[in-house]
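# structure here, sequence nowhere to be found:
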Ligand code: AMP
Ligand code: MG
């Protein structure tokens, strides 16, 4: 099996291999934000300044708006007050997230903050939560109106499923106003492949180390996000409980999926859909993917890989212990 060893691979779930390099040589940088390693590379006359603007922007939206750890971020202030006026940026991101929440019939839910905390405590205390613990936390409806969000009640906002994709969208806006012809922005499990020509994306092997890939997807410029059960989670009594929850039960979904990779035209959408499709399963995800013009690769614990029809000719399997099937 092939092994990739680019600098940034230790912490990211997807590896990018720009298929060609043109003069001037690519500028590269990396830094920590959004609880992950962010890796940037770009080609173009103003590549260096562009990467520095992208870094500033990602750090700003993380610290000032999205961070759940900083008490003064907009999300933290909103969670402590229950309802507060929203910045136009956050309003827009919440609007799209709530649309995805609706289109996924609630499989995607941005108000799972308390469920996430409950699982973190369960891991620390080594005690599996009972279904009763989630009863009061199961979602009701959130509404946006007059620049405010309402309906949070007993729940906390958590944008962990979309923050990295939003960072890729913001990077894309900066690149569009630059002289860079090609760039790759990698924020944890979400990447932006910017510019003309094709890119090769290595998809992480779900059973092996972070540097092992299961296959390579060749794609035009797009946003690609992966959600994997190996990423984060808690181990209780020898069993692994991943960090993605079915909002209807509070528990991780039991559909055998180990990872879902989504390609879409927006970072927020690719990131949200990889999480939503992880809950919905390969067949249940079809209408959601179709609505957003997105495609996906699902990998399950039976060594089966299901890919959207459009991606199948461009996915090269690297581990023959797995079988590839096309989703119709
Ligand atoms: P990702 O790695 O993009 O799939 O995002 C996972 C993160 O999203 C978790 O760490 C939670 O913060 C949050 N999350 C977990 N389950 C869901 C869900 N069903 N809908 C929305 N967000 C979720
Ligand atoms: Mg996501």
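Right, received. Where do you want to start? This structure is a prediction, so every number in the text was calculated from the model and none was measured. Ligands and ions are numbered 1, 2, ... in the order given.

# how about the most centrally placed residue in the chain, what does it touch?
The C-alpha lying nearest the average C-alpha coordinate of the chain belongs to residue 271 (Cα atoms, centre = their mean; 3.4 Å). If you count contacts by Cβ atoms under 8 Å, 6 or more residues apart in numbering, residue 271 has them with 161-166, 168, 189-190, 223, 225. To be clear about C-beta, it is placed using only N, CA and C from the backbone, and glycine gets the same treatment.

# okay, and which of the residues you listed map to strands?
Residues of the contacts of residue 271 located in strands (DSSP state E): 190, 223, 225.

# surely residue 53 is in contact with residue 173?
No - in this structure, residue 53 is not within contact of residue 173 by Cβ atoms under 8 Å, at 10.1 Å.

# who has more neighbours out of those two?
A count of neighbours by other Cβ atoms under 10 Å puts residue 53 above the other of residue 53 and residue 173, at 17 against 11.

# so that one sits in a helix?
Yes - membership of residue 53 in a helix is supported by DSSP: H, G, I helix; E, B strand; the rest coil.

# from the contacts of residue 271, which has minimum pLDDT?
By predicted confidence (pLDDT), the lowest-ranked of the contacts of residue 271 is residue 189, with 91.

# may I ask you to confirm that that residue is in contact with residue 227?
Yes - at 6.5 Å, residue 189 counts as touching residue 227 under the criterion of Cβ under 8 Å.

# separation between the closest residue to ligand 2 within the stretch 101-250 of the chain and ligand 1?
With Cβ to the ion as the measure, residue 161 is the residue of the stretch 101-250 of the chain nearest to ligand 2, at 4.0 Å. The span separating residue 161 from ligand 1 equals 3 Å under the rule Cβ to the nearest ligand atom, to the nearest Å.

# tell me the spatial nearest neighbour of that residue, not counting adjacent residues.
The spatial neighbour of residue 161 that comes closest, neighbours along the chain excluded (Cβ to Cβ, 6 or more residues apart in numbering), is residue 275 at 4.0 Å.

# just the element for that neighbour, please.
helix 267-284 (DSSP states H and E).

# list of residues touching whichever helix or strand comes after that helix?
Stepping forward along the backbone from helix 267-284, the first helix or strand reached (DSSP H and E) is helix 286-291. Contacting residues not belonging to helix 286-291 are listed as 100, 103-104, 262, 273, 276-277, 280, 294-296, 308, 327 [Cβ under 8 Å, 6+ apart].

# same thing but 10 Å
Around helix 286-291, the neighbours that count as contacts under Cβ atoms under 10 Å, 6 or more residues apart in numbering are 99-100, 103-105, 107-108, 262-264, 269, 272-273, 276-277, 280, 282, 294-296, 308, 327-328.
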